[in-house]
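Participant: could you look at this predicted model? Sequence included:
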Amino acid sequence: MRTLLRALLAAALLCLAPALPAHAADHVYDFEDGTTQGWAPRGDGVSVTVTAGAAHGGTGSLLTTGRTATWHGATLAAPFVKGVTYRVSAYARLDTGQPDATIALTVQRTPAGGETTYERVAAATVTDGAWVRLAGTYLFTADSTDLQLYAESSDATGRYLLDDVVLAPQGDPTREPVTTGFEDGTAQDWSPRASAVLAATTDAAHEGTRSLAVTGRSASWDGPAFNVLGRMGKGDKYDLSVWVRLGPDTPSGRLGLSIERRSAGTPSYERVVPPTDVPAGEWVRLAGTYTLSRDVDFLSLYLESDTGTFPFYLDDFAMTYVAPKPIQTDIPALKDRVPFTLGSALTLPDSLGVHGELLARHFNGITPGNEMKWDATEPREGEFAFADADALVGFGVEHGMTIRGHTLAWHSQTPAWVFENADKATLLARLENHVRTLVTRYKGKIAVWDVVNEVVDENQPDGLRRSPWYEITGLDFIRTAFRVAHEADPDAKLFINDYNTEYPRKREALYALVKKLKAEGVPIDGVGHQLHLNIEQPPASNVEDTIERFATLGVRQQVTELDVSVYTDFVSSYDTIASELLAEQGHRYKELFDVFRRQAARLDSVTVWGESDDVSWLNTWPITRLDAPLLFDRDLQAKPAYWAVADPSKLSPRVRRLEAPAAEVVLDGKRDLQWDLLPDAPIARVGAVSAGLQARTGAAGTYVLAEVTDPTVSAADRVTITVGGVTRTVTRAGGPRAAVRPTAAGYRVEALVPKGTDVDVTVRDGGTAISWTGKVTAAPAVKLTTAAHRAPVLDGVVDAAWRAAPQVRTGTRIQGTSGASAAVRSLWNGSTLYVLAEVTDPVLSEESADAWQQDSVEIFVDPGNGKTKGYTDDDGQYRVSFSGRLTVGGTFDAAGVKDNLTAVAKVVPGGYVVEAAIKVPTVPLRPGTLLGFDVQVNDATGATRTAAATWSDATGRSYLDTSHWGVLRLS
């Protein structure tokens, strides 16, 4: 009985560890017995003999001579077994008198039914003065014949020696950490991709005394590569990290980390870390994660630059398996908590392992994020690739999910060949073939297609993006794509999809396009709203307005790409994301899903753009930074954002913040200019009831404005304001120290309450109550100036037109205690704003390559006066240097404003004059229009900005944030 138990225990223990085949002993070739031990010549005239003239260990080594081609050498019938990973190592040296050369170990094999392949295992630069270690890993997974391991040399006639060759089968290397620090003076399994030269060096080191120097690169992709075939498991996730530094005499460069994988000999390339700035003289860490999602027969990670062949160093590489955390099974499934299809975007790795489990549990819809785009499905004309798309469609079908096809026609991720030498007829024919092929293939499986994607540009006069599609075909590419998709699958629902549809200008441009095409009979079934939002903007009411607007067209609507970034700008970056931000994000998701639930009759589905934070595109866009925009965290665990959808009662109480600028208000119920200087802070809507809130700090207390939307009049309607525990109630009939006026949508309350920081404002309508609870803090008055209505001559001369405009000064210091300042005036005419800045600055410099560190004037314009914590598409930062150099900032690419600026600068005694004209095409300019506005003067000393001053914003964040700019009123 004991014997049986011991046997059972031994069997159980064997089940816990990766099993190696019985033949899994090391294969060692040391040539100490005087024979070649199975190694033979490769190539005519080649001789392979054992020599006692040199040895790495012992007394003998293998000498190869008589070569006349680079692939000639010594070869071995390789004892490799399919599915087993081998550590391959050998020592090489050149025969005396031979020039330096690259010696490589390569495997030749012929897969069943395929062509012979050649797979490099290891390589290094070798001399005749010392033995050099070659090392790498090798694994093959397809049935193959004629396996050979051979040594070759870049010198076609060179003589070389091999010794101490070891082929060591591994256990489960996919779980073992891999590190290389080069402290042993070798390349530690790194090999060149092409002609690059790799050498351990003491010239630089991140830690320790050595790093790997990379020189002699022939192309941006040429450099150090590390074979990880067999070290990564399919469906497993790995953390990758490496430190890089530019080589000598290299002033600048960008380096990134990528993966090359091959299946059946076909290569594919994936970026783990996009090319990143590496300042001269600094070590920079490149770090990311990678999940192997496919069966491969070659897998290598490598470092590359975006351009150039400059030298660099790498050090302290680490690859670590990330053990998955089990998903939570004791929380509600999200798909059961919403009255519409709840979808998630995914890529192939997301369908595997715990990610696949999470998707299946919580979502009943999927959208392949990249696998159905044109570059993935038809990289070359007529050559279609469907393996990845088929796999994701199969995943959706297996789990009974609704599948959205994304996307048939888009200006991005479309191969260049599609537009090359294409007239209208050719391009439409290519489009028809592509659309018909995809939609026919997935007929009956894909229920919804994004037929055309992002075709609207609200900054164009006709509202249409000037893509190659539009430039060549006009609107006919849209008409053709929808017609052909409908012919290929009459049952599929066909959508036009776009971003920023929650903003009024984009909304109306898309609305006009859909209305026009529907009137023509184009088979558009629905409109997709992407909704890439952040925790501040835009208000949830904008989203609701958009859904209600498109409902008038009688089309289906879907939210297609929802995420909520924790950042309000395109520059900031956090090392860690505070729990307060995640709580705020949860309430933001609640606001949005409140809208979606109210609009469920008009909304078929809501799709989030990724299931968990670790797979979000926002980790690398618009810059590489830590973001957390989705419902589950990086460990696939529920966040406040999850509870916002599943059970909002689990959210912690929301604490908001509101500034109360200094001002005196007349309590008369009128909405005077003071309230219009800032937008109302929204209070969440319930049913038909909503409200907006503002506050001002006066000598007698805090003034509160509540703009209430409540179309039904009731004696029970009221606003209660609680400050520091003291409550004041105002009904539609009025209240103490308050004024009430009816409005077209409801009523307006103005009240004076005691000063305090803890404030609650609750609006009640019968049994309905909506609240704003948070901290109110006093702030400086909102600065206001005026622009007169006339046009100057733009010549840098202060002409008579400017006399009509009031003057303000840049007296708010944001850097330094003294320095340049400016007197500023504004005019307007038609759709143009004019700004004059007379700058006092006797010493002028443009030495810095950075525009913001040169002597210059920056003019900030927010046409909607939105006072947001980030820039919207028509907000602009317009910079003019003292020499007339123009630079424009705004959103991450400033696409909506980059052409708005014209300016002249003239140096005058004691400083310079800037006269600028800024087009404002997105709002009508007329008397009374309010623009967000500020002016900043930068003062440079040599190549450094040493002082800066603004008119209004004291935060130093004007380039990121419009919330503290002043206001310009057109007279």
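Facilitator: On my side now, so go ahead. Predicted model, so just to flag it, every value in this text is computed and none were measured. Numbering: from 1, shown residues only.
Participant: from here on, contacts and neighbour counts on C-alpha atoms
Facilitator: OK.
Participant: and the helix ranked longest in the chain, how far out from the chain's middle?
Facilitator: Longest helix in the chain by number of residues (criterion: DSSP state H): helix 579-598. Distance, stretch centre to chain centre, for helix 579-598: 21 Å (CA atoms, centre = their mean, to the nearest Å).
Participant: how is residue 641 assigned, secondary-structure-wise?
Facilitator: helix (DSSP: H, G, I helix; E, B strand; the rest coil).
Participant: just the pLDDT at the residue most central in space within the chain, thanks.
Facilitator: With distances taken as CA atoms, centre = their mean, residue 621 lies nearest the centre of the chain, 2.1 Å away. What the model reports as pLDDT for residue 621 is 91.
Participant: ok, now which ones touch it?
Facilitator: Listed by CA atoms under 8 Å, 6 or more residues apart in numbering, the contact set of residue 621 is empty.
Participant: how much space between it and residue 580?
Facilitator: 23 Å (CA to CA, to the nearest Å).
Participant: sorry, back to before: in the longest helix of the chain, what's buried?
Facilitator: Going by neighbour count (16 or more other CA atoms under 10 Å), the buried part of helix 579-598 is 582-596.
Participant: so where's this structure shaky on pLDDT?
Facilitator: Residue ranges of the chain with pLDDT under 70: 1-24.
Participant: cutoff 80 now
Facilitator: Low-confidence segments of the chain, defined by pLDDT under 80, span residues 1-25, 171-173, 264-265.
Participant: can you give me the helices in it?
Facilitator: All helices of the chain, identified by DSSP H, fall at 2-16, 353-362, 374-377, 387-398, 424-441, 468-473, 476-488, 504-520, 540-551, 579-598, 640-646, 673-676.
Participant: and of those helices, who's closest to residue 198?
Facilitator: Closest to residue 198 of the helices of the chain is helix 374-377 (CA to CA; 34.1 Å).
Participant: how far is that closest one from where the chain is centred?
Facilitator: With CA atoms, centre = their mean as the basis, helix 374-377 stands 20 Å off its chain's centre.
Participant: what number of residues lie near the residue nearest to residue 883 when sequence neighbours are not counted?
Facilitator: In this structure, residue 883 finds its nearest non-sequential neighbour in residue 905, 5.9 Å apart by CA to CA, 6 or more residues apart in numbering. Residues lying near residue 905 (other CA atoms under 10 Å) number 26.
Participant: same check, this time on residue 929
Facilitator: Neighbours of residue 929 (other CA under 10 Å): 16.
Participant: surely residue 477 and residue 471 touch.
Facilitator: No: counting by CA atoms under 8 Å, residue 477 sits too far from residue 471 to count as a contact (10.2 Å).
Participant: between these two, tell me which one has more neighbours.
Facilitator: Neighbours were counted for residue 477 and for residue 471 using other CA under 10 Å; residue 477 has more, 21 against 11.
Participant: who's in contact with that one?
Facilitator: Residue 477 is in contact with 428, 431, 469, 470, counting by CA under 8 Å, 6+ apart.
Participant: distance of it relative to residue 493?
Facilitator: 18 Å.
Participant: ditto for residue 273
Facilitator: 37 Å.
Participant: what does the longest helix of the chain contact?
Facilitator: Residues contacting helix 579-598 (CA under 8 Å, 6+ apart): 338-339, 535-536, 540-541, 543-544, 564, 566, 603, 639-645, 648, 651-652, 654, 684, 687.
Participant: ok, 6 Å please
Facilitator: 535, 540, 640, 641, 644 (CA atoms under 6 Å, 6 or more residues apart in numbering).
Participant: filter the residues you listed down to the buried ones.
Facilitator: Buried residues within the contacts of helix 579-598, counting neighbours by 16+ other CA under 10 Å: 535, 540, 640, 641, 644.
Participant: so who does the first one touch?
Facilitator: With contact set as CA under 6 Å, 6+ apart, residue 535 has these partners: 566, 585.
Participant: again, but for the fourth one
Facilitator: With contacts defined as CA under 6 Å, 6+ apart, residue 641 is in contact with 586, 589, 631.
Participant: switch the residues you listed over to JSON lines; also include distance to residue 402.
Facilitator: Formatted as JSON lines, these follow (distance: CA to CA, whole Å):
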{"residue": "586", "distance to residue 402": "26"}
{"residue": "589", "distance to residue 402": "23"}
{"residue": "631", "distance to residue 402": "20"}
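Participant: just those now: which is nearest residue 832?
Facilitator: For the contacts of residue 641, the nearest to residue 832 is residue 589 (38.5 Å; CA to CA).
Participant: what's the spacing between the closest one and residue 942?
Facilitator: From residue 589 to residue 942 the distance is 48 Å (CA to CA).
Participant: can you check residue 918 too?
Facilitator: 29 Å.
Participant: neighbour-wise, which of those two wins?
Facilitator: Comparing residue 918 with residue 942 by other CA under 10 Å, the one with more neighbours is residue 918, at 21 against 16.
Participant: that one pairs with what?
Facilitator: Beta bridges link residue 918 to residue 833, residue 901 when assigned by DSSP bridges.
Participant: ok, it - contacts?
Facilitator: Contacts of residue 918 (CA under 6 Å, 6+ apart): 832, 833, 900, 901.
Participant: got it, and residue 857?
Facilitator: Contacts of residue 857 (CA under 6 Å, 6+ apart): 879, 880, 936, 937.
Participant: buried among these? Make that a ChimeraX selection.
Facilitator: Of the contacts of residue 857, the buried ones can be selected in ChimeraX as follows, counting by 16+ other CA under 10 Å:
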select :879,880,936,937
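Participant: relative to residue 41, which of the contacts of residue 857 is nearest.
Facilitator: Closest to residue 41, out of all of these and judged by CA to CA, is residue 879, at 70.2 Å.
Participant: which residue packs closest to that closest one, ignoring adjacent ones?
Facilitator: Distance criterion CA to CA, 6+ apart; nearest residue to residue 879, sequence neighbours excluded, is residue 858 at 4.3 Å.
Participant: now the longest helix of the chain and helix 540-551, what's the angle there?
Facilitator: 30 degrees (axes from the mean of the first three to the mean of the last three CA atoms, to 10 degrees).
Participant: ok, residue 423 - how many residues close by?
Facilitator: Residue 423, neighbours per other CA under 10 Å, totals 12.
Participant: what count of nearby residues applies to the residue lying closest to it once chain neighbours are set aside?
Facilitator: Counting by CA to CA, 6+ apart, residue 472 is the residue found nearest to residue 423 once chain neighbours are left out, at 6.6 Å. Residue 472 has 19 neighbours, counted by other CA under 10 Å.
Participant: residue 472 and residue 666, how far apart?
Facilitator: Distance of residue 472 to residue 666, computed by CA to CA: 59 Å.
Participant: can you give me how far stretch 426-443 is from the chain middle?
Facilitator: 29 Å.
Participant: residues in contact with it?
Facilitator: Residues from elsewhere that reach stretch 426-443 (CA under 6 Å, 6+ apart): 488, 489.
Participant: equivalent analysis for stretch 384-401, please.
Facilitator: By CA under 6 Å, 6+ apart, the surrounding residues in contact with stretch 384-401 are 364, 365, 371, 372, 377, 378.
Participant: may I have the beta-bridge partners of the closest residue to residue 116 other than its chain neighbours?
Facilitator: Ranked by CA to CA, 6+ apart and with sequence neighbours excluded, the top spatial neighbour of residue 116 is residue 110, at 4.2 Å. Judged by DSSP bridges, the bridge partners of residue 110 are residue 145.
Participant: do the same with residue 240
Facilitator: In this entry, residue 240 is beta-bridged to residue 288, residue 319, by DSSP bridges.
Participant: shouldn't it be in contact with residue 319?
Facilitator: Yes: if you go by CA atoms under 6 Å, residue 240 and residue 319 touch, sitting 4.7 Å apart.
Participant: between the two, tell me which one has more neighbours.
Facilitator: Legend: neighbour count by other CA under 10 Å for residue 240 and residue 319, higher for residue 319 (23 against 20).
Participant: alright, that wraps it up for me.
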